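Novice: Give me coordinates for this.
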Amino acid sequence: MGDENKGTGTASAVDVRQILAKAAVMTGREVDEPSALASMEERRDNYGDSGAVDPPYDPESLLNYIELTPHVAPNISSYQVNIEGYGFRAVLIEPWMSDLDSQEARDAVRDALQIERWVEEEEAALAAAEKADGDGGTTPTDGEPGQPDSTTVEPGGEAEPPVEEPEAEGEDNEGVTEADIDEAIEKLRVQIRREKYLFDAFFKNCCSKMSFVKLRRVTRGDIEAHGWGAWEMLIQKTTGKLKRLNYIPGYTIRPLRDEGELVDAVEPDPITPISEGREISVPRRFRRYVQIVEDKKVYFKSPGDPRIVSRQTGKIYKSVAEMRRPKDDGGEGKEATEANELIYFSLHDPRTPCPPPRWIGNLLAVLGVREADELNYFYLDSSAIPPGILFVSGGKVPREMKDRLEQRLSAEFSGPEGKNKIFVVEAHPMAQKGNDRTMLPTMEFTSLREAQQTDATFTKYDERSADRIGASFRLPPMLRGYTPKDLNRATAIAALAFAETQVFSPERDDVDWIIDKEILPRIGVRLYAFKSNPPATKSPEEIAELIRVAAPQGGILPYEIRTLLSEALNVQLSTIDEQWGYWPMAMTLAGLGRGAEVAPSTDAGEGEGSLNQMGKVVARLDELQRRVEAVITDELRQAGYNLDVHAVFGDTAAEGKKGDGEGDAE
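Specialist: Okay, the predicted model is just below:
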């Protein structure tokens, strides 16, 4: 990429205090040691010697500007809290997986098995065709590869029609039996429980010095401060599973220039939600990275890069044995180690892999606010204008007094002590011309309070700069630490809703996609997706009112209520495994859900039991209908209406009323 080193200019570094933070070191016999260096004590301009991309703006200088300016850090802090700070949860990739006993789950599994068999047949036919073309033969059209099909004509005979094999009992037209569906569902049930344990265990222990939420927050700070951040992946050597994530200070990392080499990488290729073990080879361009601290260099490679990359030099070798050859034989010695994988987060810029931060368009406003603050500070500290002057007329001021005045103005009236002092001018009597008499001096005090500044300067410029910087992050003032004058509950809710839908939620989705692609497959999780929690913006009163109105009418089921509360409160509530959780609440309260199945069994041995069960359900429905008719009839009679129940409800209602009598009406 020829434009990767082009930029709009490099900002000069500010001489500020540097902090050395030691990196976490995790030791283990089976897990790769972290190779990330901790931080810089002195900045080194040697990234170019390593073949690294030169960012358009120096990241250290940008960090220093944020440290010295009041308006950027609150925006970054708001991003950290609202995007990364509310935790996360595991979500099944398909809603029907939460209830594997439902008919919807059986239908989905049946469809998935059919699709997989279709794809396998197509792939087998293509493979057979390629093999036949390579052998110079013909492509089989019906039977097994290399065998005559069912319509082959024998010499001297006639073509016989293909023989259709009868379908097995319980088998559909695609060859998927009920036993196949039961077996797949049971396998899914076990796999879902196993992967949930793996998910929870990994994210609980994946960081040695901080929680995973804290890791996300500090990385978000790097991304918003200078444009990118990074995690180091520590892989277990024996199993190839990801075990730990290590934070790397983003400003110490640089991507190397893209060499343009295409590498065949193996990636998962599921065709259905239950597909397992399907992979595909995809040509990709992988990028390498370098971290430099002082005069030390460490190299990394992208996740999924199958190449052997040296951690010490970044060179690519064909094998580990070749890399560990003696140095005089083209290797790096026995101490050479492979580079660890690195997850690189960044904003998007088509010109460079080291993008500038989103607030870079207001860099002059950031610097201008700093200059204005310094001018206000020095003015208020020096107090250059005294509160008043005492004028003396009818006299004169000697030259030595003039020098003394200048010294007092610069010394006595500077600093907080001189703010309440007045300026006294001493004058000597002055003789009148042609007369031995002298004029008596007169004194007059003049206040200079109006000439003094009662407030800091550039306040409007400061407010406008704060709004411009906040607009770069697309955040309302309330989320930046400011309280607007017109703030009320309605405007606050509208501001939070805008920020959530337009800013925070899309950013969370981007991070979740990276975790789903780069982390979950490496820990053995494929049926769950990573989902970042949003802030709980829904009030408990609104949720309670929604449930109160919808649940009795059957608009929401009990298990859906638990899901709604889990999302609203950001708490993982236990699921309802009982059958009543999937029935409308009105039917459960009427006693129709107890002991009844949603779908009757289709097994041949249970046909009689299913019919009996359906008969019980119909009987309960008839009983409920009779009770409702009796109550309505009684209410109508009390209101003075004498209606024919049979005419209104039909024969069933009349028979029910005749048989039950007045007891049911009560």
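Novice: what is the mean pLDDT for whatever helix or strand Gln625 lives in?
Specialist: Using DSSP states H and E, Gln625 sits within helix 607-638. The average pLDDT for helix 607-638 rounds to 65.
Novice: go on, stretch 273-280?
Specialist: Average pLDDT, stretch 273-280: 88.
Novice: Then stretch 558-577?
Specialist: 72.
Novice: again with stretch 60-74
Specialist: 92.
Novice: Now it: buried residues?
Specialist: Within stretch 60-74, the residues that count as buried by 16 or more other C-beta atoms under 10 Å are 60-66, 68-74. In this view, the C-beta of every residue, glycine as well, is placed from N, C-alpha and C.
Novice: measure that stretch end to end?
Specialist: 19 Å (C-alpha to C-alpha, to the nearest Å).
Novice: what does stretch 476-487 give?
Specialist: One end of stretch 476-487 sits 11 Å from the other (C-alpha to C-alpha).
Novice: Could you list the buried residues of it?
Specialist: Neighbour-count burial for stretch 476-487 [16+ other C-beta under 10 Å]: Pro476, Met478, Leu479, Arg480.
Novice: next one: stretch 215-232
Specialist: For stretch 215-232, using 16+ other C-beta under 10 Å, the buried residues are 215-217, 219-232.
Novice: about what we covered before: output the buried residues of stretch 60-74 in CSV, with secondary structure appended to each entry.
Specialist: Converted to CSV, the buried residues of stretch 60-74 look like this (DSSP: H, G, I helix; E, B strand; the rest coil):
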residue, secondary structure
Glu60, helix
Ser61, helix
Leu62, helix
Leu63, helix
Asn64, helix
Tyr65, helix
Ile66, helix
Leu68, helix
Thr69, coil
Pro70, coil
His71, coil
Val72, coil
Ala73, helix
Pro74, helix
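Novice: Nearest to Glu322, out of those residues: which one, please.
Specialist: Glu60 (37.3 Å; C-beta to C-beta).
Novice: Surely that closest one touches Tyr251?
Specialist: Yes - assessed by C-beta atoms under 8 Å, Glu60 is found in contact with Tyr251 at 5.7 Å.
Novice: Sort out which one of the buried residues of stretch 476-487 lies nearest Lys243 for me.
Specialist: Nearest to Lys243 among these, with distances taken as C-beta to C-beta, is Leu479, at 36.6 Å.
Novice: That closest one falls within a helix, correct?
Specialist: Yes - assigned with three-state DSSP, Leu479 falls within a helix.
Novice: Contacts only, for the nearest residue to it once chain neighbours are set aside.
Specialist: In space, and not counting its chain neighbours, Leu479 is closest to Ser78: 4.7 Å by C-beta to C-beta, 6 or more residues apart in numbering. By C-beta atoms under 8 Å, 6 or more residues apart in numbering, the contact list for Ser78 reads Phe473, Leu475, Leu479, Arg480.
Novice: Just the buried residues of the strand or helix carrying Ser78, please?
Specialist: Per DSSP H and E: Ser78 is located in helix 73-84. Neighbour counts using 16+ other C-beta under 10 Å place Ala73, Pro74, Asn75, Ile76, Ser77, Ser78, Tyr79, Gln80, Asn82, Ile83, Glu84 of helix 73-84 among the buried residues.
Novice: With distance to Ile280 added, can I get these in CSV?
Specialist: Below are those laid out as CSV (distance: C-beta to C-beta, whole Å):
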residue, distance to Ile280
Ala73, 45
Pro74, 46
Asn75, 42
Ile76, 39
Ser77, 42
Ser78, 41
Tyr79, 36
Gln80, 37
Asn82, 37
Ile83, 32
Glu84, 32
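Novice: I'd assumed Ala586 was in contact with Trp580.
Specialist: No - the pair Trp580 and Ala586 does not pass the contact test of C-beta under 8 Å, sitting 11.8 Å apart.
Novice: Neighbour count: the two, which is higher?
Specialist: Trp580 (18 against 14; other C-beta atoms under 10 Å).
Novice: Show me which positions of the host helix or strand of Thr491 end up buried.
Specialist: When elements are assigned from DSSP H and E, Thr491 belongs to helix 489-499. By 16+ other C-beta under 10 Å, the buried positions in helix 489-499 come out as Ala495, Leu496, Ala499.
Novice: Report the separation between the second one and Val369.
Specialist: Here the distance between Leu496 and Val369 works out to 27 Å (C-beta to C-beta, to the nearest Å).
Novice: how about the strands in the stretch 151-300 of the chain?
Specialist: Using DSSP state E, counting those that start in this stretch, the strands of the stretch 151-300 of the chain run over residues 228-235, 242-248, 253-255, 263-268, 279-284, 288-293, 296-301.
Novice: What helices and strands are in contact with the host helix or strand of Asp133?
Specialist: According to DSSP H and E, Asp133 maps onto helix 103-135. When contacts are defined as 3 or more C-beta pairs under 8 Å, 6 or more residues apart in numbering; DSSP states H and E, helix 103-135 sits against helix 178-205.
Novice: which helices and strands does the helix it packs on pack with?
Specialist: Secondary-structure packing of helix 178-205 (3+ C-beta pairs under 8 Å, 6+ apart): strand 88-92, helix 103-135, strand 242-248, strand 528-532.
Novice: Next, the angle strand 528-532 makes with it.
Specialist: Going by axes from the mean of the first three to the mean of the last three C-alpha atoms, to 10 degrees, helix 178-205 is angled at 40 degrees with respect to strand 528-532.
Novice: List the buried residues of helix 178-205.
Specialist: Glu178, Asp180, Ile181, Ala184, Ile185, Leu188, Gln191, Glu195, Leu198, Phe199, Phe202, Phe203.
Novice: what is the orientation angle of it with strand 88-92?
Specialist: Using the same axes, to 10 degrees: helix 178-205 against strand 88-92 is 170 degrees.
Novice: closest one to Ser208 among the strands of the stretch 151-300 of the chain?
Specialist: strand 242-248 (6.6 Å).
Novice: Can you tell me the strand partners of the closest one and which way each runs?
Specialist: If you go by DSSP bridges, strand 242-248 pairs up with strand 228-235 (antiparallel).
Novice: C-alpha coordinates for the partner strand, CSV please?
Specialist: These are the backbone C-alpha positions of strand 228-235, laid out as CSV (Å, rounded to 0.1, in the frame of the first residue of the first chain):
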residue,chain,number,x,y,z
TRP,A,228,-5.9,1.8,17.7
GLY,A,229,-5.3,-0.8,20.4
ALA,A,230,-4.1,-4.4,20.7
TRP,A,231,-4.5,-7.6,22.6
GLU,A,232,-1.9,-10.4,22.7
MET,A,233,-3.3,-14.0,22.5
LEU,A,234,-1.6,-16.6,24.6
ILE,A,235,-2.2,-20.1,23.2
